[in-house]
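Asker: make a model of this:
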Amino acid sequence: MYLCQAQVGKNYIVKKISLPFETERRLEALGMTSDAPVSVLNRKGKGILIIKLRGTRFALGYNITKNIAVEEAAKDETV
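Answerer: Numbering: from 1, shown residues only. As a prediction, the model looks like this:
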């Protein structure tokens, strides 16, 4: 599943990021690495998400979220 398909209020684990080199490195510098926990806080339109990543809120557009593979986190894992 991809982050653009994620549901509000659920927690996910990042599995793979398939973006251009510069964008991928920028996200890694912000803390979005493999196995990083992500919480979806809000959805604004098609695929535009507000997420919580390592204690910081980010807004990501559809062109980014459609290239981030995630899996749903276990219920006891929190962000």
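
Asker: please make it C-alpha for all contacts and neighbour counts, starting now.
Answerer: Fine.

Asker: quick check: Ala36 vs Ile17, distance?
Answerer: Going from Ala36 to Ile17 by Cα to Cα, to the nearest Å gives 11 Å.

Asker: more neighbours, those two?
Answerer: Using other Cα atoms under 10 Å as the criterion, Ala36 and Ile17 rank with Ile17 on top: 22 against 16.

Asker: surely that one and Asn67 touch.
Answerer: Yes. Assessed by Cα atoms under 8 Å, Ile17 is found in contact with Asn67 at 6.1 Å.

Asker: helices of the chain, start to end?
Answerer: 21-29, 62-65 (DSSP state H).

Asker: chain center to the longest one, what's the gap?
Answerer: Taking Cα atoms, centre = their mean, to the nearest Å, one finds the center of helix 21-29 at 13 Å from the center of the full chain.

Asker: next one: the shortest one
Answerer: Distance of helix 62-65 from its chain centroid, counting by Cα atoms, centre = their mean, is 10 Å.

Asker: same question for it, mean pLDDT?
Answerer: Averaging pLDDT along helix 62-65 gives 94.

Asker: now do the buried residues in that helix.
Answerer: Within helix 62-65, the residues scored as buried using 16 or more other Cα atoms under 10 Å are Ile64, Thr65.

Asker: output that helix as CSV, restricted to C-alpha atoms.
Answerer: Extracted in CSV, the C-alpha atoms of helix 62-65 (Å, rounded to 0.1, in the frame of the first residue of the first chain):
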residue,chain,number,x,y,z
TYR,A,62,0.2,13.4,-4.0
ASN,A,63,3.3,13.2,-6.2
ILE,A,64,5.3,12.3,-3.1
THR,A,65,2.8,10.2,-1.2
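
Asker: now the strands for the chain?
Answerer: 11-17, 37-43, 49-53, 56-60, 68-72 (DSSP state E).

Asker: residues in contact with the fourth one?
Answerer: If you take Cα atoms under 8 Å, 6 or more residues apart in numbering as the criterion, strand 56-60 is touched by Ile48, Leu49, Ile50, Ile51, Lys52.

Asker: ok, so what distance separates the residue lying closest to the third one once chain neighbours are set aside from Ala74?
Answerer: This points to Ile50. Leaving aside its sequence neighbours, Ile50 sits nearest to Ala59 (Cα to Cα, 6 or more residues apart in numbering; 4.4 Å). Computed as Cα to Cα, the Ala59 to Ala74 distance reads 24 Å.
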